[in-house]
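Participant: Predicted model and sequence follow; I will ask about them next.
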Amino acid sequence: MNVGAWQVLSLMLRREMCLYFRRPDQLLQPLVFFLIVTALFPLGLSPQLSLLRDMAPAVLWVAALLSALLSLEGLFKGDAEDGTLEQLALCGQPLGLIVAAKTLSHWLVSGAALVIMSPLVAVALGIPREAFPAMLLSLGLGTLTLSWLGAIGAGLTVGLRRGSVLLSLIVLPLAMPLLIFGAGATDRAISGASAAGPLYFLAALCVLTSTLAPFAATAALRITLE
Amino acid sequence: MWNWFYKLASPPYVYRLAAVLAPWLLGGAALCIGYGLVDGLVFAPPDYQQGDAFRIIYVHAPSAWLSLSAYTLMAVAGGIGLIWRIKIGHAVAAAAAPIGASFTVLALLTGSLWGRPMWGTYWAWDPRLTSELILLFLYVGVMSLRSAFEDPGRGDRAAALLAIVGVINVPIIHYSVQWWNSLHQGATVAKFARPSMPGSMLWPLLSMLLGFMLFFGGVLCLRLRGEVLNRERQSSWVREVVRAS
(Lines give C-alpha, C1' and ligand atoms only; values in the text may rest on other atoms or scores of the structure.)
Protein backbone atom coordinates (compact mmCIF):
# COMPACT_ATOMS: atom_id res chain seq x y z
CA MET A 1 0.00 0.00 0.00
CA ASN A 2 1.32 3.40 -0.96
CA VAL A 3 0.93 5.82 1.89
CA GLY A 4 2.79 9.11 2.13
CA ALA A 5 4.85 10.07 5.16
CA TRP A 6 2.41 12.77 6.20
CA GLN A 7 -0.46 10.37 5.97
CA VAL A 8 1.29 7.88 8.24
CA LEU A 9 2.03 10.65 10.69
CA SER A 10 -1.50 12.03 10.73
CA LEU A 11 -3.13 8.60 10.90
CA MET A 12 -0.94 7.60 13.81
CA LEU A 13 -1.52 10.92 15.56
CA ARG A 14 -5.27 10.52 15.16
CA ARG A 15 -5.12 6.97 16.50
CA GLU A 16 -3.04 7.98 19.51
CA MET A 17 -5.20 10.97 20.38
CA CYS A 18 -8.30 8.83 20.03
CA LEU A 19 -6.81 6.29 22.43
CA TYR A 20 -5.88 8.98 24.93
CA PHE A 21 -9.31 10.56 24.86
CA ARG A 22 -11.04 7.23 25.27
CA ARG A 23 -9.40 7.04 28.66
CA PRO A 24 -9.57 10.53 30.11
CA ASP A 25 -8.33 9.44 33.53
CA GLN A 26 -5.02 8.54 31.93
CA LEU A 27 -4.95 12.04 30.51
CA LEU A 28 -5.82 13.82 33.73
CA GLN A 29 -3.69 11.92 36.20
CA PRO A 30 -0.32 13.46 35.23
CA LEU A 31 -1.88 16.92 35.31
CA VAL A 32 -3.36 16.37 38.76
CA PHE A 33 0.00 14.99 39.85
CA PHE A 34 1.60 18.20 38.58
CA LEU A 35 -0.84 20.26 40.64
CA ILE A 36 -0.27 18.18 43.77
CA VAL A 37 3.51 18.39 43.55
CA THR A 38 3.41 22.16 43.12
CA ALA A 39 1.03 22.39 46.06
CA LEU A 40 3.47 20.42 48.23
CA PHE A 41 6.13 23.09 48.10
CA PRO A 42 4.21 25.97 49.70
CA LEU A 43 2.98 23.55 52.37
CA GLY A 44 6.50 22.39 53.11
CA LEU A 45 8.20 25.74 52.80
CA SER A 46 6.02 28.68 53.75
CA PRO A 47 3.04 30.48 52.26
CA GLN A 48 5.05 33.71 51.90
CA LEU A 49 4.74 34.81 48.28
CA SER A 50 8.16 36.47 48.22
CA LEU A 51 9.82 33.22 49.23
CA LEU A 52 7.69 31.20 46.86
CA ARG A 53 8.53 33.46 43.96
CA ASP A 54 12.21 32.60 44.35
CA MET A 55 11.40 28.92 44.35
CA ALA A 56 8.69 29.06 41.68
CA PRO A 57 10.78 28.30 38.55
CA ALA A 58 12.39 25.30 40.19
CA VAL A 59 9.08 24.05 41.57
CA LEU A 60 7.37 24.40 38.19
CA TRP A 61 10.14 22.64 36.34
CA VAL A 62 10.70 19.80 38.77
CA ALA A 63 6.97 19.13 38.85
CA ALA A 64 6.82 19.26 35.05
CA LEU A 65 9.71 16.78 34.70
CA LEU A 66 8.16 14.38 37.20
CA SER A 67 4.69 14.46 35.73
CA ALA A 68 6.02 13.98 32.20
CA LEU A 69 8.04 10.98 33.42
CA LEU A 70 4.93 9.54 35.01
CA SER A 71 3.10 9.41 31.70
CA LEU A 72 6.17 8.41 29.67
CA GLU A 73 6.10 4.90 31.04
CA GLY A 74 2.91 4.18 29.12
CA LEU A 75 4.24 5.58 25.84
CA PHE A 76 4.95 2.18 24.28
CA LYS A 77 3.76 -0.10 27.05
CA GLY A 78 0.13 -0.64 26.08
CA ASP A 79 1.00 -1.24 22.46
CA ALA A 80 3.84 -3.57 23.36
CA GLU A 81 1.69 -5.65 25.68
CA ASP A 82 -1.09 -6.35 23.19
CA GLY A 83 1.27 -6.85 20.25
CA THR A 84 0.28 -3.70 18.35
CA LEU A 85 3.82 -2.40 18.51
CA GLU A 86 5.21 -5.46 16.75
CA GLN A 87 2.58 -5.13 14.05
CA LEU A 88 3.47 -1.47 13.63
CA ALA A 89 7.15 -2.37 13.35
CA LEU A 90 6.32 -4.95 10.70
CA CYS A 91 3.76 -2.97 8.71
CA GLY A 92 6.31 -1.66 6.24
CA GLN A 93 6.00 2.00 7.18
CA PRO A 94 9.09 3.62 8.67
CA LEU A 95 9.10 2.91 12.39
CA GLY A 96 10.74 6.29 13.00
CA LEU A 97 7.61 8.06 11.77
CA ILE A 98 5.40 5.96 14.00
CA VAL A 99 7.64 6.65 16.99
CA ALA A 100 7.59 10.36 16.14
CA ALA A 101 3.79 10.36 15.98
CA LYS A 102 3.53 8.58 19.31
CA THR A 103 5.99 10.98 20.91
CA LEU A 104 4.24 14.04 19.52
CA SER A 105 0.89 12.82 20.79
CA HIS A 106 2.46 12.19 24.18
CA TRP A 107 3.68 15.77 24.17
CA LEU A 108 0.25 17.06 23.17
CA VAL A 109 -1.47 15.37 26.09
CA SER A 110 1.26 15.88 28.70
CA GLY A 111 3.50 18.80 27.69
CA ALA A 112 1.06 21.02 25.89
CA ALA A 113 -1.67 20.39 28.46
CA LEU A 114 0.84 21.27 31.15
CA VAL A 115 1.73 24.50 29.37
CA ILE A 116 -1.94 25.45 29.23
CA MET A 117 -2.37 24.70 32.90
CA SER A 118 0.85 26.30 34.12
CA PRO A 119 -0.48 29.90 34.44
CA LEU A 120 -2.84 28.62 37.11
CA VAL A 121 0.07 27.30 39.14
CA ALA A 122 2.20 30.32 38.30
CA VAL A 123 -0.36 32.68 39.82
CA ALA A 124 -0.51 30.56 42.94
CA LEU A 125 3.26 30.67 43.25
CA GLY A 126 3.40 34.43 42.79
CA ILE A 127 5.07 34.59 39.38
CA PRO A 128 4.37 38.06 37.93
CA ARG A 129 2.28 38.35 34.77
CA GLU A 130 5.23 39.78 32.78
CA ALA A 131 7.12 36.53 33.14
CA PHE A 132 4.36 34.42 31.63
CA PRO A 133 5.47 34.49 27.96
CA ALA A 134 8.98 33.31 28.79
CA MET A 135 7.65 30.71 31.21
CA LEU A 136 5.14 29.33 28.70
CA LEU A 137 7.66 29.25 25.88
CA SER A 138 10.33 27.57 28.01
CA LEU A 139 7.84 24.97 29.28
CA GLY A 140 6.63 24.27 25.74
CA LEU A 141 10.11 23.81 24.30
CA GLY A 142 11.37 21.93 27.35
CA THR A 143 8.52 19.45 27.58
CA LEU A 144 8.79 18.65 23.87
CA THR A 145 12.52 17.97 24.31
CA LEU A 146 11.71 15.87 27.33
CA SER A 147 9.18 13.84 25.36
CA TRP A 148 11.86 13.07 22.77
CA LEU A 149 14.42 12.10 25.40
CA GLY A 150 11.76 10.11 27.18
CA ALA A 151 10.89 8.24 24.00
CA ILE A 152 14.47 6.90 23.94
CA GLY A 153 14.21 5.86 27.57
CA ALA A 154 10.75 4.37 27.12
CA GLY A 155 11.96 2.45 24.08
CA LEU A 156 14.87 1.03 26.05
CA THR A 157 12.78 -0.04 29.04
CA VAL A 158 9.58 -1.13 27.32
CA GLY A 159 10.00 -4.88 27.84
CA LEU A 160 11.10 -4.66 31.46
CA ARG A 161 8.92 -5.55 34.38
CA ARG A 162 10.17 -2.85 36.71
CA GLY A 163 10.86 -0.33 34.00
CA SER A 164 9.46 2.82 35.57
CA VAL A 165 12.23 3.45 38.12
CA LEU A 166 14.86 2.62 35.53
CA LEU A 167 13.18 4.97 33.08
CA SER A 168 13.52 7.87 35.52
CA LEU A 169 17.09 6.87 36.30
CA ILE A 170 17.95 6.99 32.59
CA VAL A 171 16.00 10.06 31.52
CA LEU A 172 16.51 12.44 34.44
CA PRO A 173 20.31 12.87 34.09
CA LEU A 174 19.83 13.52 30.38
CA ALA A 175 17.17 16.11 31.18
CA MET A 176 19.33 18.21 33.52
CA PRO A 177 20.17 20.81 30.85
CA LEU A 178 16.42 21.33 30.36
CA LEU A 179 15.96 22.06 34.04
CA ILE A 180 18.88 24.48 34.02
CA PHE A 181 17.78 26.43 30.97
CA GLY A 182 14.06 26.18 31.59
CA ALA A 183 14.19 27.30 35.19
CA GLY A 184 16.87 29.82 34.20
CA ALA A 185 14.64 31.41 31.57
CA THR A 186 11.72 31.67 33.99
CA ASP A 187 14.00 32.98 36.71
CA ARG A 188 15.36 35.73 34.49
CA ALA A 189 11.91 36.70 33.28
CA ILE A 190 10.74 37.03 36.89
CA SER A 191 13.63 39.30 37.78
CA GLY A 192 12.91 41.40 34.71
CA ALA A 193 15.99 40.44 32.68
CA SER A 194 15.86 39.18 29.11
CA ALA A 195 15.21 35.46 28.93
CA ALA A 196 16.35 35.20 25.31
CA GLY A 197 19.65 33.40 26.05
CA PRO A 198 18.29 30.33 27.84
CA LEU A 199 15.32 30.23 25.49
CA TYR A 200 17.65 30.00 22.49
CA PHE A 201 19.49 27.17 24.22
CA LEU A 202 16.20 25.39 24.86
CA ALA A 203 15.18 25.85 21.24
CA ALA A 204 18.53 24.45 20.09
CA LEU A 205 18.11 21.41 22.34
CA CYS A 206 14.57 20.98 21.06
CA VAL A 207 15.74 20.98 17.43
CA LEU A 208 18.61 18.62 18.25
CA THR A 209 16.38 16.07 19.96
CA SER A 210 13.58 16.41 17.38
CA THR A 211 16.00 15.45 14.64
CA LEU A 212 18.09 12.78 16.38
CA ALA A 213 15.82 11.26 19.02
CA PRO A 214 13.37 9.56 16.61
CA PHE A 215 16.26 7.52 15.22
CA ALA A 216 17.63 6.69 18.66
CA ALA A 217 14.17 5.75 19.94
CA THR A 218 13.58 3.58 16.88
CA ALA A 219 16.90 1.82 17.41
CA ALA A 220 15.97 1.32 21.08
CA LEU A 221 12.62 -0.22 20.13
CA ARG A 222 14.26 -2.52 17.61
CA ILE A 223 16.64 -3.73 20.32
CA THR A 224 13.89 -4.42 22.84
CA LEU A 225 11.40 -5.85 20.34
CA GLU A 226 13.58 -8.28 18.45
CA MET B 1 47.39 -5.76 9.95
CA TRP B 2 43.80 -6.65 9.08
CA ASN B 3 44.40 -10.16 10.20
CA TRP B 4 45.34 -8.92 13.64
CA PHE B 5 42.28 -6.73 13.63
CA TYR B 6 40.01 -9.65 12.91
CA LYS B 7 41.67 -11.64 15.67
CA LEU B 8 40.68 -8.94 18.15
CA ALA B 9 37.06 -9.91 17.61
CA SER B 10 37.72 -13.47 18.71
CA PRO B 11 37.05 -14.10 22.41
CA PRO B 12 39.75 -16.78 23.01
CA TYR B 13 42.38 -14.56 21.40
CA VAL B 14 41.35 -11.56 23.49
CA TYR B 15 41.28 -13.75 26.60
CA ARG B 16 44.90 -14.77 26.05
CA LEU B 17 46.00 -11.29 24.92
CA ALA B 18 44.55 -9.72 28.06
CA ALA B 19 46.48 -12.21 30.18
CA VAL B 20 49.71 -11.18 28.46
CA LEU B 21 49.01 -7.45 28.64
CA ALA B 22 47.70 -7.19 32.20
CA PRO B 23 51.02 -7.67 34.11
CA TRP B 24 52.85 -5.20 31.86
CA LEU B 25 50.16 -2.57 32.21
CA LEU B 26 49.86 -3.03 35.96
CA GLY B 27 53.66 -3.06 36.36
CA GLY B 28 53.94 0.18 34.41
CA ALA B 29 51.13 1.63 36.48
CA ALA B 30 52.94 0.72 39.70
CA LEU B 31 56.12 2.44 38.47
CA CYS B 32 54.36 5.60 37.29
CA ILE B 33 52.08 5.91 40.30
CA GLY B 34 54.98 5.13 42.64
CA TYR B 35 57.14 7.88 41.16
CA GLY B 36 54.21 10.29 40.99
CA LEU B 37 53.22 9.71 44.61
CA VAL B 38 56.71 10.09 46.02
CA ASP B 39 57.61 13.10 43.90
CA GLY B 40 54.19 14.70 44.20
CA LEU B 41 53.58 14.15 47.90
CA VAL B 42 57.13 14.58 49.20
CA PHE B 43 59.37 16.53 46.85
CA ALA B 44 57.03 18.91 45.01
CA PRO B 45 56.95 22.35 46.66
CA PRO B 46 53.75 23.31 48.47
CA ASP B 47 51.45 25.67 46.62
CA TYR B 48 51.89 29.29 47.67
CA GLN B 49 48.14 29.72 48.13
CA GLN B 50 46.80 26.30 48.94
CA GLY B 51 49.76 24.94 50.87
CA ASP B 52 49.98 21.19 51.11
CA ALA B 53 46.28 20.72 50.44
CA PHE B 54 46.82 21.06 46.73
CA ARG B 55 48.57 17.69 46.68
CA ILE B 56 45.24 15.91 46.44
CA ILE B 57 45.28 16.99 42.80
CA TYR B 58 47.62 14.07 42.15
CA VAL B 59 44.74 11.71 42.75
CA HIS B 60 41.83 13.98 41.89
CA ALA B 61 42.75 15.18 38.41
CA PRO B 62 43.77 11.79 36.97
CA SER B 63 40.65 10.09 38.28
CA ALA B 64 38.40 12.86 36.97
CA TRP B 65 40.10 12.65 33.61
CA LEU B 66 39.80 8.89 33.50
CA SER B 67 36.15 8.93 34.52
CA LEU B 68 35.42 10.82 31.30
CA SER B 69 37.68 8.80 29.03
CA ALA B 70 36.38 5.53 30.46
CA TYR B 71 32.87 6.66 29.59
CA THR B 72 33.96 7.49 26.05
CA LEU B 73 35.71 4.14 25.76
CA MET B 74 32.58 2.40 27.00
CA ALA B 75 30.44 4.18 24.41
CA VAL B 76 32.89 3.51 21.57
CA ALA B 77 33.21 -0.17 22.50
CA GLY B 78 29.44 -0.45 22.85
CA GLY B 79 29.01 1.28 19.49
CA ILE B 80 31.40 -1.22 17.87
CA GLY B 81 29.37 -4.02 19.39
CA LEU B 82 26.08 -2.44 18.31
CA ILE B 83 27.02 -1.54 14.74
CA TRP B 84 29.22 -4.42 13.67
CA ARG B 85 27.71 -6.94 16.08
CA ILE B 86 31.12 -7.74 17.53
CA LYS B 87 30.49 -9.44 20.86
CA ILE B 88 33.85 -8.48 22.33
CA GLY B 89 32.87 -4.81 22.04
CA HIS B 90 30.01 -5.36 24.47
CA ALA B 91 32.33 -7.32 26.76
CA VAL B 92 34.77 -4.38 26.83
CA ALA B 93 31.94 -1.95 27.53
CA ALA B 94 30.60 -4.11 30.33
CA ALA B 95 34.08 -4.48 31.83
CA ALA B 96 34.85 -0.74 31.60
CA ALA B 97 31.62 0.57 33.17
CA PRO B 98 32.28 -0.31 36.84
CA ILE B 99 35.89 0.89 36.63
CA GLY B 100 34.80 4.19 35.15
CA ALA B 101 32.10 4.56 37.79
CA SER B 102 34.68 3.91 40.51
CA PHE B 103 36.94 6.60 39.09
CA THR B 104 33.95 8.96 39.10
CA VAL B 105 33.29 8.20 42.76
CA LEU B 106 36.97 8.68 43.53
CA ALA B 107 37.01 12.03 41.72
CA LEU B 108 33.92 13.14 43.65
CA LEU B 109 35.34 12.03 47.00
CA THR B 110 38.74 13.64 46.48
CA GLY B 111 37.04 16.73 45.07
CA SER B 112 34.93 17.17 48.16
CA LEU B 113 37.90 16.46 50.44
CA TRP B 114 39.78 19.15 48.55
CA GLY B 115 36.82 21.47 48.83
CA ARG B 116 36.87 21.30 52.63
CA PRO B 117 40.12 23.27 53.15
CA MET B 118 39.75 25.36 49.97
CA TRP B 119 36.10 26.37 49.93
CA GLY B 120 35.32 25.63 53.57
CA THR B 121 32.72 23.05 52.67
CA TYR B 122 32.70 19.47 51.51
CA TRP B 123 30.31 20.11 48.71
CA ALA B 124 30.01 23.25 46.65
CA TRP B 125 27.80 23.27 43.59
CA ASP B 126 30.84 23.86 41.51
CA PRO B 127 30.15 23.20 37.82
CA ARG B 128 32.83 20.57 37.57
CA LEU B 129 31.70 18.68 40.65
CA THR B 130 28.10 18.88 39.48
CA SER B 131 28.78 17.54 36.01
CA GLU B 132 30.90 14.80 37.56
CA LEU B 133 27.93 13.87 39.72
CA ILE B 134 25.66 13.71 36.66
CA LEU B 135 28.28 11.55 34.96
CA LEU B 136 28.01 9.14 37.88
CA PHE B 137 24.23 9.01 37.37
CA LEU B 138 24.79 8.23 33.69
CA TYR B 139 27.14 5.38 34.63
CA VAL B 140 24.59 4.00 37.06
CA GLY B 141 21.88 4.21 34.39
CA VAL B 142 23.96 2.33 31.83
CA MET B 143 24.99 -0.36 34.31
CA SER B 144 21.51 -0.94 35.67
CA LEU B 145 20.00 -1.00 32.19
CA ARG B 146 22.46 -3.71 31.19
CA SER B 147 21.59 -5.87 34.15
CA ALA B 148 17.85 -5.25 33.90
CA PHE B 149 17.40 -7.47 30.85
CA GLU B 150 17.14 -11.20 31.26
CA ASP B 151 18.57 -11.74 27.79
CA PRO B 152 22.18 -10.54 28.07
CA GLY B 153 22.48 -9.75 24.36
CA ARG B 154 19.55 -7.39 24.53
CA GLY B 155 20.89 -5.74 27.68
CA ASP B 156 24.24 -5.22 25.98
CA ARG B 157 22.71 -3.49 22.97
CA ALA B 158 20.37 -1.36 25.07
CA ALA B 159 23.23 -0.25 27.32
CA ALA B 160 25.38 0.54 24.28
CA LEU B 161 22.66 2.73 22.80
CA LEU B 162 22.20 4.56 26.09
CA ALA B 163 25.95 5.09 26.40
CA ILE B 164 26.04 6.61 22.91
CA VAL B 165 23.12 8.92 23.71
CA GLY B 166 24.97 9.86 26.89
CA VAL B 167 28.15 10.69 25.00
CA ILE B 168 26.25 13.20 22.87
CA ASN B 169 24.74 14.60 26.03
CA VAL B 170 27.86 14.83 28.20
CA PRO B 171 29.25 18.01 26.56
CA ILE B 172 25.77 19.59 26.62
CA ILE B 173 25.43 18.81 30.30
CA HIS B 174 28.95 20.03 31.00
CA TYR B 175 28.47 23.39 29.32
CA SER B 176 24.96 23.94 30.59
CA VAL B 177 26.11 23.30 34.14
CA GLN B 178 29.02 25.68 33.70
CA TRP B 179 26.74 28.32 32.26
CA TRP B 180 24.18 27.78 35.02
CA ASN B 181 26.68 28.42 37.75
CA SER B 182 28.26 31.45 36.17
CA LEU B 183 24.75 32.88 36.23
CA HIS B 184 24.44 32.57 39.98
CA GLN B 185 27.74 33.16 41.68
CA GLY B 186 31.43 33.05 41.15
CA ALA B 187 33.21 33.95 44.37
CA THR B 188 33.78 30.47 45.75
CA VAL B 189 34.78 29.05 42.44
CA ALA B 190 37.25 31.78 41.62
CA LYS B 191 39.61 30.41 44.25
CA PHE B 192 39.95 27.41 42.06
CA ALA B 193 41.77 29.35 39.39
CA ARG B 194 45.46 29.06 40.00
CA PRO B 195 48.55 29.98 38.06
CA SER B 196 49.78 27.43 35.57
CA MET B 197 51.95 24.85 37.21
CA PRO B 198 55.73 24.87 37.40
CA GLY B 199 57.49 21.74 36.24
CA SER B 200 58.28 20.44 39.70
CA MET B 201 54.54 20.10 40.31
CA LEU B 202 53.59 19.16 36.77
CA TRP B 203 55.85 16.16 36.19
CA PRO B 204 54.46 14.08 39.03
CA LEU B 205 50.94 14.96 37.83
CA LEU B 206 51.66 13.77 34.30
CA SER B 207 53.24 10.64 35.70
CA MET B 208 50.18 10.00 37.85
CA LEU B 209 47.97 10.53 34.82
CA LEU B 210 49.93 8.00 32.79
CA GLY B 211 49.97 5.63 35.75
CA PHE B 212 46.19 5.87 36.18
CA MET B 213 45.73 5.19 32.48
CA LEU B 214 47.94 2.11 32.67
CA PHE B 215 46.15 1.01 35.81
CA PHE B 216 42.83 1.40 34.04
CA GLY B 217 44.12 -0.66 31.12
CA GLY B 218 45.43 -3.37 33.43
CA VAL B 219 42.25 -3.64 35.47
CA LEU B 220 40.24 -3.56 32.26
CA CYS B 221 42.25 -6.55 30.99
CA LEU B 222 41.60 -8.48 34.20
CA ARG B 223 37.90 -7.66 34.22
CA LEU B 224 37.65 -8.41 30.52
CA ARG B 225 39.03 -11.91 31.09
CA GLY B 226 36.32 -12.59 33.64
CA GLU B 227 33.68 -11.04 31.43
CA VAL B 228 34.72 -13.11 28.39
CA LEU B 229 34.81 -16.33 30.40
CA ASN B 230 31.36 -15.66 31.78
CA ARG B 231 29.89 -14.77 28.40
CA GLU B 232 31.45 -17.73 26.60
CA ARG B 233 30.80 -20.24 29.34
CA GLN B 234 28.89 -22.52 26.96
CA SER B 235 31.70 -22.75 24.43
CA SER B 236 34.26 -25.54 24.18
CA TRP B 237 37.37 -23.41 24.56
CA VAL B 238 36.25 -22.15 27.96
CA ARG B 239 35.71 -25.72 29.08
CA GLU B 240 39.26 -26.50 28.02
CA VAL B 241 40.59 -23.47 29.87
CA VAL B 242 38.74 -24.51 33.00
CA ARG B 243 39.96 -28.10 32.69
CA ALA B 244 43.53 -26.98 32.19
CA SER B 245 43.56 -24.75 35.24
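Facilitator: Structure's in. What do you need?

Participant: Check which element follows the helix or strand harbouring residue A:32 along the chain.
Facilitator: Taking DSSP states H and E as the definition, residue A:32 sits inside helix A:24-44. Going down the chain from helix A:24-44, the next helix or strand is helix A:49-72, by DSSP H and E.

Participant: The helix holding residue A:32 packs against which elements?
Facilitator: helix A:5-22, helix A:49-72, helix A:113-124 (3 or more C-beta pairs under 8 Å, 6 or more residues apart in numbering or on different chains; DSSP states H and E). (C-beta placed from N, C-alpha, C; glycine too.)

Participant: what's the closest of those helices to residue A:79?
Facilitator: Taking C-beta to C-beta, helix A:5-22 is the member of the helices and strands packed on helix A:24-44 nearest to residue A:79, at 9.1 Å.

Participant: list the helices and strands the closest one packs on?
Facilitator: Partner elements for helix A:5-22 (3+ C-beta pairs under 8 Å, 6+ apart): helix A:24-44, helix A:95-106.

Participant: If we use 10 Å, what do you get?
Facilitator: Counting contacts by 3 or more C-beta pairs under 10 Å, 6 or more residues apart in numbering or on different chains; DSSP states H and E, helix A:5-22 packs against helix A:24-44, helix A:74-81, helix A:84-90, helix A:95-106.

Participant: Need the contact partners of it.
Facilitator: A:3-4, A:26-27, A:71, A:74-75, A:78-79, A:84, A:88, A:91, A:93-94, A:96-106, A:108-110 (C-beta atoms under 10 Å, 6 or more residues apart in numbering or on different chains).

Participant: Repeat the analysis, applying 8 Å as the threshold.
Facilitator: A:3, A:26-27, A:78, A:93-94, A:97-98, A:100-102, A:104-106, A:108-109 (C-beta atoms under 8 Å, 6 or more residues apart in numbering or on different chains).

Participant: likewise stretch A:175-186?
Facilitator: A:56-58, A:60-62, A:64-65, A:127, A:131, A:134-135, A:137-139, A:141-142, A:145-146, A:149, A:195, A:198-199, A:201-202, A:205, B:134, B:169, B:172-173, B:176-177, B:179-180, B:183.

Participant: quick one on the thing from earlier: just so I know, which of the helices and strands packed on helix A:24-44 lies nearest residue B:103?
Facilitator: Using C-beta to C-beta, the nearest of the helices and strands packed on helix A:24-44 to residue B:103 is helix A:49-72, at 28.5 Å.

Participant: list the helices and strands the closest one packs on?
Facilitator: Going by 3+ C-beta pairs under 8 Å, 6+ apart, helix A:49-72 lies up against helix A:24-44, helix A:113-124, helix A:132-157, helix A:163-174, helix A:176-190.

Participant: now those helices in TSV, with mean pLDDT and mean neighbour count?
Facilitator: Shown next, in TSV, are the helices and strands packed on helix A:49-72 (pLDDT from 0 to 100; neighbours: other C-beta atoms under 10 Å in any protein chain shown):
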stretch	mean pLDDT	mean neighbour count
helix A:24-44	88	15
helix A:113-124	90	18
helix A:132-157	94	26
helix A:163-174	90	21
helix A:176-190	89	25
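
Participant: now for those, which one comes closest to residue B:7?
Facilitator: helix A:132-157 (32.2 Å).

Participant: So which elements touch whatever helix or strand residue B:95 lives in?
Facilitator: Using DSSP H and E, the secondary-structure element containing residue B:95 is helix B:87-119. Contact analysis of helix B:87-119 by 3+ C-beta pairs under 8 Å, 6+ apart lists helix B:11-38, helix B:57-84, helix B:127-148, helix B:152-184, helix B:199-231 as its packing neighbours.

Participant: Any idea which of the ones you listed has the lowest pLDDT on average?
Facilitator: For the helices and strands packed on helix B:87-119, mean pLDDT drops lowest on helix B:152-184, to a mean of 82.

Participant: Tell me the residues on chain B that lie near chain A, please.
Facilitator: B:134, B:137-138, B:140-141, B:144-145, B:148-149, B:154, B:157-158, B:161-162, B:164-166, B:168-169, B:172-173, B:176-177, B:179-180, B:183 (C-beta under 8 Å from any C-beta of the partner chain).

Participant: and with 7 Å instead?
Facilitator: Listed as neighbours of chain A in chain B under the rule C-beta under 7 Å from any C-beta of the partner chain: B:134, B:137-138, B:140-141, B:144-145, B:148, B:154, B:157-158, B:161-162, B:165, B:169, B:172-173, B:176-177, B:180, B:183.

Participant: Tell me the buried residues within those residues.
Facilitator: Among the residues of chain B next to chain A, those buried by neighbour count (16 or more other C-beta atoms under 10 Å in any protein chain shown) are B:134, B:137-138, B:140-141, B:145, B:148, B:154, B:157-158, B:161-162, B:165, B:169, B:172-173, B:176-177, B:180.

Participant: In contact with residue A:39: list those residues for me.
Facilitator: Residue A:39 makes no contacts at all, as judged by C-beta atoms under 7 Å, 6 or more residues apart in numbering or on different chains.

Participant: Go again with 8 Å.
Facilitator: So residue A:39 contacts residue A:124 (C-beta under 8 Å, 6+ apart).

Participant: Kindly report the same for the one 3 residues further on.
Facilitator: The contact partners of residue A:42, taken as C-beta under 8 Å, 6+ apart, are A:52, A:124, A:125.

Participant: which one of the residues you listed is nearest chain B?
Facilitator: residue A:52 (19.0 Å; C-beta to the nearest C-beta).

Participant: can you count the residues close to that closest one?
Facilitator: 18 (other C-beta atoms under 10 Å in any protein chain shown).

Participant: Need the per-residue pLDDT for it.
Facilitator: 84.

Participant: Ok, residue B:186 next?
Facilitator: If you check residue B:186, the pLDDT there is 41.

Participant: What is the burial count for the closest residue in space to residue B:91 that isn't next to it in sequence?
Facilitator: Nearest residue to residue B:91 in three dimensions, chain neighbours excluded: residue B:227, at 4.6 Å (C-beta to C-beta, 6 or more residues apart in numbering or on different chains). Applying other C-beta under 10 Å, we find 23 other residues in the vicinity of residue B:227.

Participant: what's near enough to touch residue A:163?
Facilitator: A:73, A:77, A:157, B:148 are the contacts of residue A:163 under C-beta under 8 Å, 6+ apart.

Participant: do you know how far it is from residue B:156?
Facilitator: Residue A:163 sits 18 Å away from residue B:156, going by C-beta to C-beta, to the nearest Å.

Participant: Likewise for residue B:204?
Facilitator: 39 Å.

Participant: do residue B:108 as well
Facilitator: 27 Å.

Participant: same question, residue B:103
Facilitator: 22 Å.

Participant: Over to residue A:159?
Facilitator: For residue A:159, the distance to residue B:156 - C-beta to C-beta - is 14 Å.

Participant: Same question for residue B:73.
Facilitator: Relative to residue B:156, residue B:73 is positioned 15 Å away (C-beta to C-beta).

Participant: When the two are compared, which one has more neighbours?
Facilitator: residue B:156 (24 against 21).

Participant: my read: the more buried one touches residue B:95, true?
Facilitator: No. At 11.8 Å, residue B:156 and residue B:95 do not qualify as touching, with contact defined as C-beta atoms under 8 Å.
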